[in-house]
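1. structure of the sequence below:
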Amino acid sequence: MNTDKIEDVMSELLGEGYRIVEDNGDLSPVIDWVDWIEDPEDEDKEQVEVTFQDSSTRTFDKGVPMRQIWHEDVD
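-> Modelled structure (predicted):
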């Protein structure tokens, strides 16, 4: 993986075609799309729902610092 290509972003700025880089270096599947959703327990709190190409999903609070890398920059 070309670590120079890793980008620091907030959860709401995750992009389609990228992979999330976990703290331990593991990579998510490629992001297929990103949606904003309301937290069912707090209507004023927005969350980010990420759907991956393998059809799995993960939900993050808005404003979480994350790292992503373009899928073509992964060896």
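2. drop to CA atoms for contacts and neighbour counts, all remaining ones
-> Will do.
3. count the neighbours of the closest residue to residue 69 other than its chain neighbours for me.
-> Distances taken as CA to CA, 6 or more residues apart in numbering place residue 6 nearest to residue 69, at 4.7 Å, with adjacent residues excluded. If you count neighbours by other CA atoms under 10 Å, residue 6 ends up with 18.
4. quick check: residue 6 vs residue 71, distance?
-> Applying CA to CA, to the nearest Å, one obtains 10 Å for the distance of residue 6 from residue 71.
5. ok, the nearest residue to residue 57 once chain neighbours are set aside - contacts?
-> What sits nearest to residue 57 in space, not counting adjacent residues and going by CA to CA, 6+ apart, is residue 51, at 4.4 Å. Under the criterion of CA atoms under 8 Å, 6 or more residues apart in numbering, the neighbours of residue 51 are 31-34, 57-58.
6. okay, those residues in CSV with distance to residue 25, secondary structure and neighbour count next?
-> Supplementary listing: the contacts of residue 51 in CSV, determined by distance: CA to CA, whole Å; DSSP: H, G, I helix; E, B strand; the rest coil; neighbours: other CA atoms under 10 Å:
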residue, distance to residue 25, secondary structure, neighbour count
31, 17, strand, 24
32, 20, strand, 18
33, 22, strand, 16
34, 22, strand, 20
57, 19, strand, 14
58, 17, strand, 10
